[in-house]
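Participant: Build the 3D model from these lines:
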Amino acid sequence: MQYFALLISKEQDRTPDDAAAAMAAFERFHAQAGAAIRAGDALIPQAVRVTGGPDAPVVTDGPFAESAEVACGYYVFEAENLDDAIALARDVPVATFGAVEVWPVVHAIEPTRKLTGNDWLALLLEPPASAHTPGTPEWEAVAARHGDFAAAAGDHVLTGAALHDRTTATTVRVREGDVLITDGPYVEGAEVANGFYVLSADDRDEAVKLAAMIPASTVELRQLAGVSGL
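Facilitator: Here you go, the predicted model:
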């Protein structure tokens, strides 16, 4: 089974030595967990939100977080069960100072190529009332609209997945060697994640144009850093 892991941390200024140490920590994690990593990358801090859906999109530049915590990366893990996915998440370096949200995937699009810094993570957000439970008629109706989007976007869709509802999310933190696990997303807000795409786009404008086609109440776009090599 696959799990989506969203990495969350505070934005911080880093010296070159700090950045090198962080990169080395992630390289060690990749060497340890590489067989279970299906996709992932760091995310550029600047973000764009597209709201209003395909019929009346409104584009707003970030930042948007009410607190200092922001999404800074993601992974897609292959794991036998949630316990194994949590074991992977606790070893992600960000877990020691931020958090890792783990969501079970309903179904995923297999990546079509390695990701680069020209690609974008589109995180799909919905108010709880419209974040339908997978398998219900309402969810199936929205899934059909996503099929239309995928057909229209074509090769611009590199990978993606629908996520199970927020009751299945688990947040993992590691503090002074202790693993802290809580049910639910890291931040309980007005919107919850219910899926994601990774999109190929030449620039911000093309990424926004693609995001505006996605049938979601809100799409948060972040450019990939292109450092993972996955």
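
Participant: elements contacting the longest strand anywhere in the chain?
Facilitator: If each strand of the chain is counted by residues according to DSSP state E, the longest one is strand 37-51. With contacts defined as 3 or more CB pairs under 8 Å, 6 or more residues apart in numbering; DSSP states H and E, the packing partners of strand 37-51 are strand 58-61, strand 69-78, strand 119-126, helix 204-211, strand 218-224. C-beta here means a position set from N, CA and C on the backbone, and glycine is covered the same way.

Participant: Now tabulate those in CSV and tack on mean neighbour count and mean pLDDT.
Facilitator: Formatted as CSV, the entries for those read as follows, by neighbours: other CB atoms under 10 Å; pLDDT from 0 to 100:
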stretch, mean neighbour count, mean pLDDT
strand 58-61, 12, 89
strand 69-78, 21, 88
strand 119-126, 24, 93
helix 204-211, 19, 94
strand 218-224, 24, 93
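
Participant: out of the ones you listed, which comes closest to residue 146?
Facilitator: Proximity to residue 146, assessed across those by CB to CB, is greatest for strand 119-126 (9.1 Å).

Participant: So what angle separates the directions of the closest one and helix 204-211?
Facilitator: Computed with axes from the mean of the first three to the mean of the last three CA atoms, to 10 degrees, the direction of strand 119-126 lies at 40 degrees from that of helix 204-211.

Participant: chain center to strand 119-126, what's the gap?
Facilitator: Its chain's average C-alpha position is 7 Å from that of strand 119-126, according to CA atoms, centre = their mean, to the nearest Å.

Participant: and it, which strands flank it?
Facilitator: The sheet places strand 119-126 alongside strand 192-200 (antiparallel), strand 218-224 (antiparallel), with pairing taken from DSSP bridges.

Participant: on that earlier part again, what would the helices and strands packed on strand 37-51 look like in TSV with distance to residue 86?
Facilitator: Rendered in TSV, the data for the helices and strands packed on strand 37-51 read as follows (distance: least, CB to CB, whole Å):
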stretch	distance to residue 86
strand 58-61	34
strand 69-78	10
strand 119-126	21
helix 204-211	30
strand 218-224	24
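
Participant: Looking at those, which is nearest to residue 132?
Facilitator: In this view, the helices and strands packed on strand 37-51 are compared for proximity to residue 132 by CB to CB, and strand 119-126 is the closest at 8.3 Å.

Participant: buried sites along the next helix or strand after that closest one?
Facilitator: Toward the C-terminus, strand 119-126 is succeeded by helix 137-153 as the next helix or strand (DSSP states H and E). Taking 16 or more other CB atoms under 10 Å as the neighbour-count basis, helix 137-153 is seen to contain the buried residues 139, 142-143, 146, 149-150, 153.

Participant: With respect to residue 21, which of the helices and strands packed on strand 37-51 lies nearest?
Facilitator: The closest of the helices and strands packed on strand 37-51 to residue 21 is strand 69-78. By CB to CB, the value is 15.6 Å.

Participant: relative to strand 69-78, how tilted is the next helix or strand along the chain from that closest one?
Facilitator: Elements were assigned by DSSP H and E; along the chain past strand 69-78, the next helix or strand is helix 82-90. For helix 82-90 against strand 69-78, the angle between stretch directions is 130 degrees (the same axes, to 10 degrees).

Participant: Strand partners (parallel or antiparallel) of the helix or strand following helix 82-90?
Facilitator: Proceeding N to C from helix 82-90, the next assigned helix or strand is strand 99-109, under DSSP H and E. Its sheet considered, strand 99-109 pairs with strand 2-10 (antiparallel), strand 157-163 (antiparallel), strand 170-175 (antiparallel) by DSSP bridges.
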